[in-house]
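Asks: Return a 3D structure for these sequence lines:
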Amino acid sequence: MKSAFFGLTIMLLLGLFVGGASAQMAATFAADAKGQIFFVTPSRNIGCTFTPQGGTGVYKPFDGGPELSCDRKEPQYVRLVVTPKSVRRFNEVGDQDGLPEDNILPYGSRWSRGPFTCDSTEAGLTCKRQDGRGFFISRATIRMM
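Replies: The predicted model follows:
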């Protein structure tokens, strides 16, 4: 009995140790025909668009890209844009497009493409580039990093 309990305890601890290192699931979404990737948080209040280096036929990032742009709908529509050179916040957004309905980034998941990584949690969405600059966004908070 003690042996079985000890073995189970060891397996659980190993699972926590190994699982802890990779606790976040990686999310992969296919690019659309223009090369952009869209995803939304489970609350559907925050949605992001990744635009590759060079942009698309109809949209060119202001510094050439790549670019990650995330919009929050409520309580105030706000756009945050991360590029390899800058992190910007826009409170006045003229093109308040609808957020994607599919490509949900589940809580506890990580999305990564180019120099950008986003982590989705119940608290909100954190997106950063490789040097750690980026933002945290939720319904209640926006924090630049």
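Asks: Every contact and neighbour count from this point should use C-alpha atoms.
Replies: OK.
Asks: element containing the residue nearest to R88 when sequence neighbours are not counted, please.
Replies: Of all residues not flanking R88 in the chain, V81 sits nearest, at 5.2 Å (CA to CA, 6 or more residues apart in numbering). V81 is part of strand 78-82 when elements are defined by DSSP states H and E.
Asks: Show me the strands paired with that strand, marking each as parallel or antiparallel.
Replies: Next to strand 78-82 in the sheet, as set by DSSP bridges, lie strand 67-72 (antiparallel), strand 87-90 (antiparallel).
Asks: Quick one: mean pLDDT for it?
Replies: Averaged across strand 78-82, pLDDT comes to 96.
Asks: Need the residues that contact that strand.
Replies: 67-72, 87-93, 128-129, 134-135 (CA atoms under 8 Å, 6 or more residues apart in numbering).
Asks: Stretch 89-105: end-to-end distance?
Replies: Chord length of stretch 89-105, first to last residue, is 22 Å (CA to CA, to the nearest Å).
Asks: Report the buried residues of that stretch.
Replies: Residues 89, 99-100, 103-105 are the ones in stretch 89-105 that count as buried (16 or more other CA atoms under 10 Å).
Asks: Those residues into JSON lines, with extra columns for secondary structure and distance to P115?
Replies: Listed next are the buried residues of stretch 89-105 as JSON lines, based on DSSP: H, G, I helix; E, B strand; the rest coil; distance: CA to CA, whole Å:
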{"residue": "R89", "secondary structure": "strand", "distance to P115": "19"}
{"residue": "L99", "secondary structure": "coil", "distance to P115": "23"}
{"residue": "P100", "secondary structure": "coil", "distance to P115": "22"}
{"residue": "N103", "secondary structure": "coil", "distance to P115": "20"}
{"residue": "I104", "secondary structure": "strand", "distance to P115": "21"}
{"residue": "L105", "secondary structure": "coil", "distance to P115": "18"}
